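Enquirer: how would this look folded up:
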Amino acid sequence: EDRAAMRLHDIGIRLVERDGAVGAQIYVGGGMGRTPMISHLIRDFVQADALMSYLEACLRVYNRYGRRDNIYKARIKILLHEIGA
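Expert: Sure, this is the predicted structure:
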């Protein structure tokens, strides 16, 4: 059960196990507030040792292309809505 409502956060991580390896599913672009959105599954499986690098890459994309000119549009969910998952 998802008791953390991870698909409603900017970045959600669900731990999974595949073929004996521990990793994570990465969901990006959720959020509540003025424009509620459910996040998108960006990556189905990221190995545990690559998790931090993958999350940093997600933030680098936002820092490069995110809308910093408008306080209401300065969110990951708005960027994903504009450019797609």
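Enquirer: Which residue ranges of the chain form strands?
Expert: Assigned by DSSP state E, the chain shows strands spanning 11-18, 21-28, 40-47.
Enquirer: in the second one, what's buried?
Expert: If you call a residue buried by 16 or more other CB atoms under 10 Å, then strand 21-28 has these buried ones: G23, A24, Q25, I26, Y27, V28. For the C-beta atoms, the positions are set from N, CA and C on the backbone; glycine is no exception.
Enquirer: if I look at R64, how far off is Q47?
Expert: R64 is 25 Å from Q47, where distance means CB to CB, to the nearest Å.
Enquirer: what about the longest helix in this protein?
Expert: helix 51-65 (DSSP state H).
Enquirer: and that helix, average pLDDT?
Expert: For helix 51-65, the mean pLDDT works out to 94.
Enquirer: Send me that helix as PDB with only the CA atoms.
Expert: C-alpha atoms of helix 51-65 as PDB (Å, rounded to 0.1, in the frame of the first residue of the first chain):
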ATOM      1  CA  LEU A  51      19.800   6.200  -7.200                       C
ATOM      2  CA  MET A  52      21.400   9.400  -6.000                       C
ATOM      3  CA  SER A  53      23.000  10.100  -9.400                       C
ATOM      4  CA  TYR A  54      19.700   9.600 -11.100                       C
ATOM      5  CA  LEU A  55      17.900  11.900  -8.700                       C
ATOM      6  CA  GLU A  56      20.600  14.600  -9.100                       C
ATOM      7  CA  ALA A  57      20.100  14.300 -12.900                       C
ATOM      8  CA  CYS A  58      16.300  14.900 -12.500                       C
ATOM      9  CA  LEU A  59      17.100  18.100 -10.500                       C
ATOM     10  CA  ARG A  60      19.700  19.200 -13.000                       C
ATOM     11  CA  VAL A  61      17.000  19.000 -15.800                       C
ATOM     12  CA  TYR A  62      14.700  21.100 -13.600                       C
ATOM     13  CA  ASN A  63      17.400  23.600 -12.800                       C
ATOM     14  CA  ARG A  64      18.200  24.100 -16.400                       C
ATOM     15  CA  TYR A  65      14.700  24.200 -18.000                       C
END
